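Asks: Provide a 3D model corresponding to the input given below.
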Amino acid sequence: MKIILNGSNGRMGQAVQKKAVLHEIIGVDKLSATYPTLNSYSGEADVIIDFSHHSATAELVAYAISKKLPLVIATTGQTEEEKSLINEASKSIPVFFSYNMSIGIAVLADSAKKIASVMPNAEIEIVETHHDQKLDAPSGTALLLAKAIKEVRSDSNIVTGRSGHGKRDPKEIGIQSIRIGNIVGIHEIIISTGLESITLKHEAYDRSLFADGAIKAAEFIVGKEPGIYEMKDTLE
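Replies: Modelled structure (predicted):
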């Protein structure tokens, strides 16, 4: 499989190149002398993996549509306008768009949904911890988990952070963000009825797992019909 890797010189782009030993990589990066932009490469490819920056969304989807290439978006922090561009692109090409490229996170989300559905009165809190250089809070993964739970708790509200005075709304799905040290990523979901609690936890030890996930996503999406795909789809 021939992969166009957008953001190839970044930390995650380099991790993908180390992992994708069975595939041919076309590296595109603003620091590259060969292919500094997507439009500078006019050759053939099977799929695009994007590990650049969400601000490149417009250029990315326009190129993918023009080349009719499946697209794996592995960046986070997209604005509503950028999300609209992604959704529009998915009408023409298959787009794999997940806030986390970990199979473990997909399993975590699925497990949380099942527990929330059979414990409808339980309170739910998500605690996410990342390194001190992470820009977005809450993390895209925490939002992914909260939205997955909301699928079976349609009357719930996602609340990020807590301050001031007032009782907790029993219907809220709370998200607390911690930024410290060099932690790759820890996501913990606490589900409690007051009489019993269940805690689900996922911890990432090495960022290379996201490279593995992106490659698996690329292998999965090639040949698919236009639409939006997520990591959970790879479990089915």
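Asks: what does stretch 114-134 contact?
Replies: By C-beta atoms under 8 Å, 6 or more residues apart in numbering, the surrounding residues in contact with stretch 114-134 are 112, 138-139, 141-142, 145-146, 149, 152-153, 156, 168, 170, 172-194, 198, 200. From N, CA and C alone the C-beta is placed, and that goes for glycine too.
Asks: Filter those down to the ones in strands?
Replies: 172-179, 185-192, 198, 200 (DSSP state E).
Asks: Any stretches of the chain with poor pLDDT?
Replies: Within the chain, no stretch has pLDDT under 70.
Asks: quick one, strands of it?
Replies: Secondary structure of the chain by DSSP E: the strands cover 2-6, 24-28, 47-50, 71-73, 94-97, 123-130, 157-160, 172-179, 185-192, 197-204, 227-229.
Asks: Could you spell out the sheet neighbours of the fourth one, each with its direction?
Replies: Using DSSP bridges, the neighbouring strands of strand 71-73 in the sheet come out as strand 47-50 (parallel), strand 94-97 (parallel).
Asks: so which of those strands gets nearest Q78?
Replies: Ranking the strands paired with strand 71-73 by proximity to Q78 (C-beta to C-beta) places strand 94-97 first, at 8.6 Å.
Asks: I'd guessed Y229 sits against G223; true?
Replies: No: Y229 lies out of contact with G223 (C-beta atoms under 8 Å); the separation is 11.8 Å.
Asks: residue closest to the middle of the chain?
Replies: The centre of the chain sits closest to Y99, judged by C-alpha atoms, centre = their mean, with a distance of 1.4 Å.
Asks: ok, that residue to V118 distance?
Replies: Distance of Y99 to V118, given as C-beta to C-beta, to the nearest Å: 25 Å.
Asks: The lengthiest helix in the chain: how far from the chain's middle?
Replies: As assigned by DSSP state H, the longest helix anywhere in the chain is helix 103-118. Offset of helix 103-118 from its chain centre (C-alpha atoms, centre = their mean, to the nearest Å): 16 Å.
Asks: What residues sit buried inside stretch 110-117?
Replies: By 16 or more other C-beta atoms under 10 Å, the buried positions in stretch 110-117 come out as A112, K113, I115, A116.
Asks: oh, I was asking about stretch 135-153
Replies: For stretch 135-153, the neighbour count (16+ other C-beta under 10 Å) marks 138-146, 148-150, 153 as buried.
Asks: With stretch 68-88 instead?
Replies: L69, P70, L71, V72, I73, A74, T75, T76, Q78, E82, L85, I86.
Asks: coming back round to it: these two touch, right, the residue nearest to the centre of the chain and T76?
Replies: Yes: using C-beta under 8 Å, Y99 is in contact with T76, at 5.4 Å.
Asks: Identify the contacts common to those two.
Replies: With C-beta under 8 Å, 6+ apart, Y99 and T76 have common neighbours S139, G140.
Asks: rewinding a little: what angle separates the longest helix of the chain from strand 185-192?
Replies: Helix 103-118 and strand 185-192 are oriented at 10 degrees to each other (axes from the mean of the first three to the mean of the last three C-alpha atoms, to 10 degrees).
Asks: Okay, the residue nearest to M101 when sequence neighbours are not counted and D233: tell me how far apart.
Replies: Using C-beta to C-beta, 6 or more residues apart in numbering and skipping the chain neighbours, the partner closest in space to M101 is G213 (3.1 Å). Distance from G213 to D233, counting by C-beta to C-beta: 13 Å.
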